[in-house]
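> test case, fold it:
(one chain, ligands or ions: 1)
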Amino acid sequence: MSRPRSAGVRPPTLQTLPEAIVRNTAIAGARTRSRIMAVVKADGYGHGAITVARAAIAAGARWLGTTDIAEASRLRAGGLTAPILTWLNPSGVDAESAAAGRIDVAVGSVDELHALIGQTSPTPVRIHVHVDTGMAREGCPEHEWDALFAGAQQGERQGKVRVVGLMGHLPSADHADPEANAPAVSRTHQARRAAQAAGLDVPLAHLAATSGTLTDPATHFGMVRFGAGLVGIDPSGTTELHGASRLTAPVVHCAAVAAGTPVGYDGAYVTDAPTHLCVLPVGYADGIPREISADAAVEIHGRRRRVVGRVSMDQTVVDTGADAVPLGTIATVFGPSDGATPTIHDWARWAGTIPHAIVTGIGPRVKRTFA
Ligand SMILES: *Cc1c(COP(=O)(O)O)cnc(C)c1O
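Numbers count the residues shown, from 1 in each chain. Have a look, this model is predicted:
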């Protein structure tokens, strides 16, 4: 499929707004006395991990968190020196590179612990024992705690590992509900006592993600792991955070059409009056959701304009009514909340998904800028 584009037209662009990340980090800081870990997995929720990490650290975050060691290594290569924790390394952990990169590893089972201890590494690997606090996902189930803690203690004596933290995860991360968090909170206390009884000195316990950070101080322990909130997403829906990205695309085609014109594949939409149709060179391959409600819209010249017809792989059609829009006019697909501009929360509603899926879904063809 061709993507018509005139010379000089600005390409589809996802702009990250570090100032919003700074402000969101400050909001977290005002809600907790604990340290803040900036979680920047999935390339900083699609916003650029290094940019998000730098902004969060500048605003007071002391730790970084990623899913795996590869993501953590990219942060180190980008010059970030803060402690980094990784909590899911499906193909195992290379102890030497973890130790060399000062990349901490969450260990959620005796098997994972043995896999680490069985390797040689010039310095001990820093680990966080990861206990199941009610997710039955990753994290050590309670009946294995004693074996895990005893094994970790032995690994410390052998100089293979150093236990620097104890981690859990809140099962009800998506809403504000201290009562629902209470069992996980008491499990975390319980696990810490059991670790101490096994002879471990656990300096840092951590449990909360964004929702717990914003709504429930009992979950904060020594550190909170704040990810979605950095980029303006509050799963608890209690706090006004700042959108940290803007997706724009140029109008590359605009035509006047008659009433009764079918638009896009299968003519799923037919114009009911004479109107103008504009084409944006972004489609579902670029992360524009294909399944969307009739309300889905973009902003052009300060007005919301509805998306009409099926979103194609590379193109999206917008109805601009009586207005012929000059080619190269920039449409804002989403951006920080401001007048007519749709937000990632609007798109999540239109697509029946969560804003996380909108921001992490933007495809590689879309140009990235950071300012
Ligand atoms: C993603 C993740 C977080 C951050 O969650 P948010 O709700 O995005 O803040 C924290 N901890 C773990 C283990 C995670 O996987």
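> from here on, just use CA atoms for contacts and neighbour counts.
Noted.
> enumerate the residues of the stretch 201-350 of the chain near the ligand.
Proximity of the stretch 201-350 of the chain to the ligand (Cα under 6 Å from any ligand atom) is limited to residues A209, T210, R225, F226, G227, A228, G229.
> is the longest helix seen in the chain in proximity to the ligand?
Counting by DSSP state H, the longest helix found in the chain is helix 178-197. No. With Cα under 6 Å from any ligand atom as the criterion, the ligand is not reached by helix 178-197; the gap is at least 13.6 Å.
> and after that helix, which helix or strand comes next?
strand 204-206 (DSSP states H and E).
> figure out how far that following strand is from the centre of its chain.
On the basis of Cα atoms, centre = their mean, to the nearest Å, strand 204-206 sits 21 Å off its chain's mean C-alpha point.
> residues touching it, excluding its own?
164-168, 188, 192, 219-225 (Cα atoms under 8 Å, 6 or more residues apart in numbering).
> redo that, cut-off 10 Å
Strand 204-206 is touched from outside by 34-37, 128-130, 163-169, 185, 188-189, 191-192, 219-225, with contacts defined as Cα atoms under 10 Å, 6 or more residues apart in numbering.
> cool, stretch 148-157 as well?
Residues contacting stretch 148-157 (Cα under 10 Å, 6+ apart): 107-114, 116-118, 124-131, 140-142, 145-147, 158-163, 191, 194-201.
> for the longest helix of the chain, packing partners?
If you count contacts as 3 or more Cα pairs under 10 Å, 6 or more residues apart in numbering; DSSP states H and E, helix 178-197 packs onto strand 125-130, helix 145-157, strand 161-167, strand 204-206, helix 210-215.
> low-confidence ranges in the stretch 101-250 of the chain?
Across the stretch 101-250 of the chain, the ranges flagged by pLDDT under 70 are 173.
> just the residues of the stretch 201-350 of the chain next to the ligand: which are in strands?
Secondary structure defined by DSSP state E assigns R225, F226 of these to strands.
> rewinding a little: and the longest helix of the chain with strand 161-167, angle?
Using axes from the mean of the first three to the mean of the last three Cα atoms, to 10 degrees, the inter-axis angle of helix 178-197 relative to strand 161-167 is 160 degrees.
> tell me which residues in helix 178-197 are buried?
P178, N181, A184, V185, R187, T188, A191, R192, A195 (16 or more other Cα atoms under 10 Å).
> what is the nearest of those residues to A324?
Proximity of the buried residues of helix 178-197 to A324 was ranked by Cα to Cα; the top entry is P178 with 52.6 Å.
> which residues touch the closest one?
The contact partners of P178, by Cα under 10 Å, 6+ apart, come to S172, V185, G212, T215, D216, P217, A218, T219.
> is it correct that the second one is in contact with L170?
Yes. Look at V185 against L170 with Cα atoms under 10 Å: they come within range, at 8.4 Å.
> now for the two: what residues contact both?
Counting by Cα under 10 Å, 6+ apart, the residues touching both V185 and L170 are T133, L207, A208, T219.
> buried subset of these?
T133, L207, A208, T219.
> enumerate every residue touching the second one.
Just to be clear, that refers to L207. Per Cα under 10 Å, 6+ apart, neighbours of L207: 130-131, 133, 166-170, 184-185, 188, 213, 218-225.
> get me the contact residues on the stretch 51-200 of the chain for the ligand.
H169.
> centroid-nearest residue for the protein?
In the chain, the centroid-proximal residue (Cα atoms, centre = their mean) is Y45; its distance is 2.9 Å.
> that residue and A249, how far apart?
Using Cα to Cα, to the nearest Å, Y45 is found at 20 Å from A249.
> can you turn the buried part of the contacts of stretch 148-157 into a PyMOL selection?
The PyMOL selection below is limited to those of the contacts of stretch 148-157 classed as buried (16+ other Cα under 10 Å):
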select buried, resi 107+108+109+110+112+113+116+117+124+125+126+127+128+129+130+131+140+141+142+145+146+160+161+162+163+191+195+198+200+201
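> mind giving me the domain split of the protein?
Segmentation of the chain into domains, based on automatic domain parsing, reads 18-231, 244-370.
> pick the most deeply packed of those.
Counting by mean count of other Cα atoms under 10 Å, domain 18-231 has the highest mean neighbour count of the domains of the chain, with a mean of 20.
> quick one on the thing from earlier: out of the domains of the chain, flag the one nearest R10.
domain 244-370 (6.4 Å).
> any idea how far the closest one is from the chain center?
23 Å.
> using CSV, write down the CA coordinates of stretch 164-182.
Taking Å, rounded to 0.1, in the frame of the first residue of the first chain, the C-alpha atoms of stretch 164-182 are listed here in CSV:
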residue,chain,number,x,y,z
VAL,A,164,19.3,-6.3,49.2
GLY,A,165,15.5,-6.4,49.0
LEU,A,166,12.2,-8.3,49.5
MET,A,167,9.5,-7.8,47.0
GLY,A,168,5.8,-8.6,46.6
HIS,A,169,3.2,-7.3,44.1
LEU,A,170,-0.3,-6.1,44.8
PRO,A,171,-3.0,-8.2,43.1
SER,A,172,-5.5,-5.4,43.1
ALA,A,173,-3.3,-2.9,41.3
ASP,A,174,-6.0,-1.3,39.3
HIS,A,175,-8.2,0.4,41.8
ALA,A,176,-8.0,2.2,45.1
ASP,A,177,-8.8,-0.3,47.7
PRO,A,178,-6.8,-0.4,50.9
GLU,A,179,-9.0,-3.2,52.3
ALA,A,180,-8.2,-5.4,49.3
ASN,A,181,-4.5,-4.6,49.7
ALA,A,182,-4.4,-5.6,53.4
